[in-house]
Structures are given as C-alpha cells and as structure tokens.
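> Next comes the sequence, and after it the predicted model I'd like to discuss.
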Amino acid sequence: MTDTIHWNDLTAETFLADYWQKKPLLIKVAFTDFVDPVEANELAGLAMEDFIESRIVAKKAQNWDVKHGPFEDFSEFGEHNWTLLVQAANHWFDGIDALVEPFRFIPNWRIDDVMVSFSTPGGGVGPHLDQYDVFIIQGEGKRRWQVGAPDDTLTEVVPHEDLKQVSSFTPIIDEVTEPGDLLYIPPNHPHDGVAIENSINYSIGFQAPSAQELISAFADHQLDNQLFEQRFDDSQRQATKTPEELTATDLDLLTNVMNSALQDKSVIQEFLGKYLTTVHHTLNLLIPTEPMSIDFINQILAEGEELNPVLGLKCILINQPENMKLFINGESFPIDNDMLEFTRMLAAKRGLTSDNIKSSLLCLKNAQLLTTVINKGLWTFE
Ligand code: SIN
Ligand code: CO
C-alpha cells in the first residue's frame, strides 16, 4: 500500500524546509513493496481514447518525433527508444488517484494531477525544464535519472515543434531509479530520465499559477460577471499649465482604478476558489439518468452504499470569518457554520457513508448541497 512515504532521515517538515522548491531529492524505496496500480497495456488503452490527452515521444538516431493520441496501434514504435505519456491518468484509475494520498502534507489545491508514462529501453523526453514541482514515483522497471541545478547558461533546444528541450547540463543527481523510489524535482531544474528497462513512472504534478495567468484569468472572470466597471474619476481636477504631461496626480488616479479592482477580498476569493478548482482534463462525471431526491439518496446510503467524488475532482474550502464557501469544479457554493463539518468532509473528498453523514443530513442545507453535487455527477454511488 502506498500510504506513507518512508522519508529515511527526513520528515515532511524537513523536506519542506530544505528541499521543496529549492533542491531536487531522490528517496530510495520511499514506498516499500510498491505495486503498480496500472499495467502498460491499460495505459495504452487510455491512450486510445480521444478524450484523454496522450503523446508518444520517440528518438530515432539523433532525431526526435512526437505523435499525439488517440493511438490505434503501437507496433510502429518498436521496442526501444520511445515513451508514452498519459495526462491526468488519475481521472480513470482509482489506484493512480490514490498515489496522491502520501502527499497530503501539501494542501490539495496545490496538487494538479498524475501523469503516467510508459517507456521502452532508451525512452524518455530528453533533457528539459518544467515550470512546476513534480514528484516522480518509479513503478515497474528501471530508469536513469539525471537532475541538475537551475542554470542560466542552458540554451533551449527544439528538436521537434512539440518538444522543448535544453542543452546538456551537469547533474547533481545521477541515479538509477527502481520500483518504489521517489524523485522530487523543483521547478526549472533541468532533468532527463532514460529508461533502462520497460519502465512506468507516475508524475504527481503541482499547480503554481503565475501572475500573468492569475491576472488574465481574473480579468476574464470579472468580465463574465460584469465586475471591474469602476471608471477613472477626476471630479476634483484643477486647471493645468502643462497639458502635455500625464501628471503624478493623474498617474495615481489611474493606478487607483486598477488597484481598487484588487481590493475586494471576497471578489478575489471567489475568483481564486473557482480558478483553482477548474480541472483542465476530462472528468468522468456520472450524471444520474434521473435526478435523485434526498429520500432516494438516504435510502441507498441506508443500504450501506458509499458515495465518492469522481476521480480527479478539485474541491477547496474557504473558511474565513467573513467568507465561507465551498468550491467544487469551478463552481462556488456559499456555506455557513452549520454546514462546516459536512462540507469539510466533501472538500476532503472522503467516502461518505450513512454512518459518517447521517446526522449532517438532518440539516436541510447539507441535504440540498449533497443532492446538487450528486445530480451534477460530481459524487456518485458507483
Ligand atoms: C516521464 O517521462 O515520466 C516524465 C517526463 C518528465 O520529466 O517530465
Ligand atoms: Co519533466
């Protein structure tokens, strides 16, 4: 069971203090007796679906090729020098989604999804940089991983229009990973994994939005909601002798128009909650064929069935005195103190059983919320 990380001489706290966003780290046998939650042929099956993002990166002599899924047949790639990458594979396999559990010492909102790769000997995507932190679990097989420090002298290499690599770097980690090993790579650290044997790797990816992404998404959110409509106001204007100048006073007034848009905490929180729970890959939403009533839901719970969120669903709880909200999949649900215990269970994506929610459902607001999320296909009895 992959439920805890064997940190050896570290702890989650010392890892965060010394390595997180700072230095790469390889933990040998972080997971004892690691069992792959997926087999190579099941991964290939995912890559045959058109709603799942996948690609194959192949190296032929010094040339690189990239093909995008869905794939029908893998035989053209042979037995060496290619890797299949399947994005958000945790949306489709329970066991892949469960690989995120040992990383709950980092808040849920920071975790994005799990990308799974299958590589044949010699396979990899070449030396490159990523903008996000990643934990890579070595499953079946062996792979040689080299990881370097950030280096401004590295140049970008684009051997194929869909493949960004970097020039060769000096590794500070150069090791062969085996099943159960865990590699942590901070953003912008060059790395290169080359399979030695057929190899499966699980990449737990994180999200860390840039100012560019946040501000442009915030502007879109404000436009959609007809907010951001305050306008420049110069009702206190004095006559000027320098009409060609944009003066300090006007610069301040104009800057204030922009700043005022960022002052309303509840607007910002509403945006952040929706933005950070928006999932970028297909979710396996299971919308009931007929809307379920709370009586029907209670009946199924009473029969001992468990309710679970669909795999890969993102939920965030904001529990501020002046702003209590639950965000699920880009939607916001206002809550209050009576609902806190129940919505915390929802947000933590724990399995809901009659035993753990019976008393919560006596509160009508909780019962309504549960009915809504079930009828949207977000929680299901499957
Ligand atoms: C992988 O090939 O499993 C991971 C690719 C990467 O380094 O991002
Ligand atoms: Co990478």
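Yes, it's here. Note that the coordinates shown come from a computational prediction; the quantities given were computed from them, not determined experimentally. Ligands and ions are numbered 1, 2, ... in the order given.
> Please count neighbours and contacts with C-alpha atoms only from this point.
Fine.
> can you give me the helices in this structure?
Secondary structure of the chain (DSSP state H): helices located at 12-18, 40-46, 94-97, 211-224, 248-261, 265-276, 294-302, 340-347, 354-357, 364-375.
> in the third one, what's buried?
To tie it back to what came earlier, the one meant is helix 94-97. When neighbours are counted by 16 or more other C-alpha atoms under 10 Å, the buried residues of helix 94-97 are found to be 96-97.
> Give me the mean pLDDT for it.
In this model, helix 94-97 has an average pLDDT of 97.
> between the helices of the chain, which gets nearest to ligand 1?
Proximity to ligand 1 (C-alpha to the nearest ligand atom) singles out helix 40-46 among the helices of the chain, at 12.7 Å.
> I'd like the helices of the chain as a markdown table, with distance to ligand 1 appended.
Supplementary listing: these in a markdown table, determined by distance: least, C-alpha to the nearest ligand atom, whole Å:
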| stretch | distance to ligand 1 |
| --- | --- |
| helix 12-18 | 21 |
| helix 40-46 | 13 |
| helix 94-97 | 14 |
| helix 211-224 | 21 |
| helix 248-261 | 37 |
| helix 265-276 | 22 |
| helix 294-302 | 40 |
| helix 340-347 | 29 |
| helix 354-357 | 38 |
| helix 364-375 | 34 |
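> Quick check: residues of the stretch 101-250 of the chain near ligand 1?
Contacts of the stretch 101-250 of the chain with ligand 1, taken as C-alpha under 6 Å from any ligand atom, map to 117, 124-125, 201.
> Show me which of those are buried.
With neighbours counted by 16+ other C-alpha under 10 Å, these contain buried members at 117, 124-125, 201.
> can the residues of the stretch 101-250 of the chain next to ligand 1 go into TSV with extra columns for distance to residue 276?
Conversion of those to TSV gives the following (distance: C-alpha to C-alpha, whole Å):
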residue	distance to residue 276
117	25
124	30
125	28
201	26
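> Can you flag which of these belong to strands?
Residues of those located in strands (DSSP state E): 117, 201.
> Reformat the residues of the stretch 101-250 of the chain next to ligand 1 as TSV; add pLDDT.
Supplementary listing: those in TSV, determined by pLDDT from 0 to 100:
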residue	pLDDT
117	98
124	98
125	98
201	98
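> Can you say which two of the residues of the stretch 101-250 of the chain next to ligand 1 are spatially most distant?
125 and 201 (12.5 Å; C-alpha to C-alpha).
> where's the residue of the chain most remote from its centre relative to ligand 1, distance?
For the chain, the C-alpha lying farthest from the average C-alpha position belongs to residue 241; by C-alpha atoms, centre = their mean, that distance is 55.7 Å. As defined by C-alpha to the nearest ligand atom, to the nearest Å, residue 241 lies at a distance of 60 Å from ligand 1.
> Distance-wise, check the residue positioned nearest the centre of the chain relative to residue 314.
In the chain, the residue lying closest to the centroid (C-alpha atoms, centre = their mean) is residue 112, at 0.6 Å. Here the distance between residue 112 and residue 314 works out to 9 Å (C-alpha to C-alpha, to the nearest Å).
> Nearest to ligand 1 within the stretch 1-150 of the chain, name that residue for me.
When you check the stretch 1-150 of the chain against ligand 1 by C-alpha to the nearest ligand atom, the closest residue turns out to be residue 117, at 4.6 Å.
> right, I mislabeled it, should have said the stretch 151-300 of the chain
The minimum distance from the stretch 151-300 of the chain to ligand 1, using C-alpha to the nearest ligand atom, falls at residue 201 (4.8 Å).
> Go ahead and confirm the residue of the stretch 1-150 of the chain closest to ligand 1 touches residue 204.
No: contact between residue 117 and residue 204 fails when scored by C-alpha atoms under 8 Å: they sit 11.5 Å apart.
> Apart from its neighbours in sequence, what residue is nearest residue 84?
By the measure of C-alpha to C-alpha, 6 or more residues apart in numbering, the closest residue to residue 84 outside its immediate chain neighbours is residue 56, 4.4 Å from it.
> residues touching the one you found, list them.
66-69, 82-85 (C-alpha atoms under 8 Å, 6 or more residues apart in numbering).
> And for residue 185, the neighbour number?
27 (other C-alpha atoms under 10 Å).
> and it, what pLDDT?
The score at residue 185 is 98. That number is its pLDDT.
> Contact partners for the residue lying closest to the residue of the stretch 1-150 of the chain closest to ligand 1 once chain neighbours are set aside?
If the residues on either side of it in the chain are set aside, residue 117 comes closest to residue 85, at 4.3 Å by C-alpha to C-alpha, 6+ apart. With contacts taken as C-alpha under 8 Å, 6+ apart, residue 85 has the following neighbours: 54-56, 115-118.
> Residue 135 is in contact with the residue of the stretch 151-300 of the chain closest to ligand 1, correct?
No: the pair residue 201 / residue 135 is not scored as a contact, 10.0 Å apart, by C-alpha under 8 Å.
> Identify the bridge partners of the residue of the stretch 151-300 of the chain closest to ligand 1.
Assessed by DSSP bridges, residue 201 has beta-bridge partners residue 117, residue 138.
> what sits against it?
116-118, 136-140.
> rerun that using 10 Å as the cut-off
For residue 201, the contacting residues are 36, 85, 114-119, 135-143, 177, 179, 182, 193, 195, by C-alpha atoms under 10 Å, 6 or more residues apart in numbering.
> Repeat that for residue 64.
Applying C-alpha under 10 Å, 6+ apart, the residues near residue 64 are 57-58, 81-82, 125-126, 158-163.
> Show me what it is bridged to.
When residue 64 is checked against DSSP bridges, its beta-bridge partners turn out to be residue 59.
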